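# any chance you can model this:
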Amino acid sequence: MGKVLKLAAMLLVLTAIFVVVSKQSPDVFRDEYPVMLINHSRIFDQDTSVLEFACLNQPVCPAPLEIASIWDSTPNKPGVDQAGKIYLPFYNRSEVLYLDTTRTSTTCVSVDAGLENFFPISVLQVEGKTLLADLDTLLIVRDDASHKVIELTAVAEPTLMGIGGLVRGTENSVHAFDSSPHTVEGERVALVFTIDLVSENVTPVLLPIFNAEEKERRRVQIVGVSADLSKVYYMFSIQTSEQDESQMRLVMFDTQTKRELHVYRDHCLPRQGYRQYGNYLFISSGSQGPLLLRLDDLSPVVNFTTLPTEFQVLTLAPLGRFFLAGTASEVLVLSGEGDILETYRVPPEFFGKKYIFVEYWDE
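Below you'll find the model as predicted:
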């Protein structure tokens, strides 16, 4: 009987420990996502460049990849999907280069959409598809390397000024938003395009935003929308003194109540580079370093200048449920609350280089 009671007690203790660990698991990094870096370098006296890969928590890593001069740029927000396939969009091409690391030999699939003057700024990987957008064109690349080109100017009303970003929506959809506000029948609105990822049809939507006079809000720029389109995020400068000093402000606007709910103030707030991931709005890098805010109230997740690192944090990227923060010598894995969960040393050949992360999207 005593042994039975002892066994029962041990089971209760183990159960309690399991429950505690389970509750803590969202803030524990167990190498479930690949931490991968890419460095781009040019081969002198040759018409080629090289992409070098460094895998910090995986035993197998892609071999250096030589790319022709037409690919002579750093990949634009590269990522790896759940199947281990690395996709490499480039700023200067309408193509996506794929590396299939699951095979014995790495294979490359080049996707040519036949577009001229297409320079993708925004990139999003979702539901097995890679979406690229420049100012007025959307390219959907499917996992079988087939593609579809959508000229958003053909479905825009009012006239599209320029796509500001791509955001994952609800129920297999993606939103592309115009970075400039519009005035329709005297009302200020945001122009958003909702793309159904199943049918690949596009539906334009107008969302209400503020109706203040332009003199009160200068250089208004829309930087994001929520997945359900109930919120619009925009920034502007406002005069703060008679000497015409101005301050940048980032605002969350409720499209239902038509009220500004939260404001983030910063004299050095960047105007470019905003991206959304899960419940976060972030800037990968900027003159003041990265920025990571919560979407629900625009509160900062972490002050990167106070992190215990040898050098300044220079870059930020999503990694599943976490974020990667990179310095010249270290790579940090951050929780959704900004806590450091893991630290890796940058390989000697990458030290001090302007490397980029391979992102892992798992919203």
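
# sec struct for the most centrally placed residue in the chain, please.
What sits nearest the mean C-alpha location of the chain, by Cα atoms, centre = their mean, is Arg275, with 4.9 Å. Secondary structure, DSSP: H, G, I helix; E, B strand; the rest coil: Arg275 is strand.

# need the nearest residue in space to it, chain neighbours excluded.
Counting by Cβ to Cβ, 6 or more residues apart in numbering, Phe282 is the residue found nearest to Arg275 once chain neighbours are left out, at 5.9 Å. The way it works is simple: take the backbone N, C-alpha and C, and place the C-beta from them, glycine included.

# what is the mean pLDDT for the host helix or strand of that neighbour?
Taking DSSP states H and E as the definition, Phe282 sits inside strand 280-283. Mean per-residue pLDDT for strand 280-283: 96.

# quick one: strands adjacent to that strand?
Using DSSP bridges, the strands paired with strand 280-283 are strand 274-277 (antiparallel), strand 291-294 (antiparallel).

# mean pLDDT and distance to Ser226 for these - can I get that in CSV?
Formatted as CSV, those follow (pLDDT from 0 to 100; distance: least, Cβ to Cβ, whole Å):
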stretch, mean pLDDT, distance to Ser226
strand 274-277, 93, 9
strand 291-294, 96, 12
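
# among the ones you listed, which comes closest to Glu359?
strand 274-277 (8.7 Å; Cβ to Cβ).

# output that closest one as CSV, nothing but the C-alphas.
Taking C-alpha atoms only, strand 274-277 is exported to CSV below (Å, rounded to 0.1, in the frame of the first residue of the first chain):
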residue,chain,number,x,y,z
TYR,A,274,7.1,48.7,-41.5
ARG,A,275,6.0,45.1,-41.6
GLN,A,276,3.4,43.0,-39.7
TYR,A,277,3.8,39.6,-38.2
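
# low-scoring pLDDT stretches of this protein, where are they?
1-26, 44-46, 69-72, 92-94, 102-113, 212-216, 240-245, 267, 363 (pLDDT under 70).

# show me where it has helices.
For the chain, applying DSSP state H gives helices covering 2-24.

# and Leu37, how far from Phe282?
19 Å (Cβ to Cβ, to the nearest Å).

# hmm, who's touching the strand holding Phe282?
The set of residues external to strand 280-283 that reach it, using Cβ atoms under 8 Å, 6 or more residues apart in numbering, is 223-224, 233, 270, 273-276, 290-295, 298, 301, 316, 318, 323, 336.
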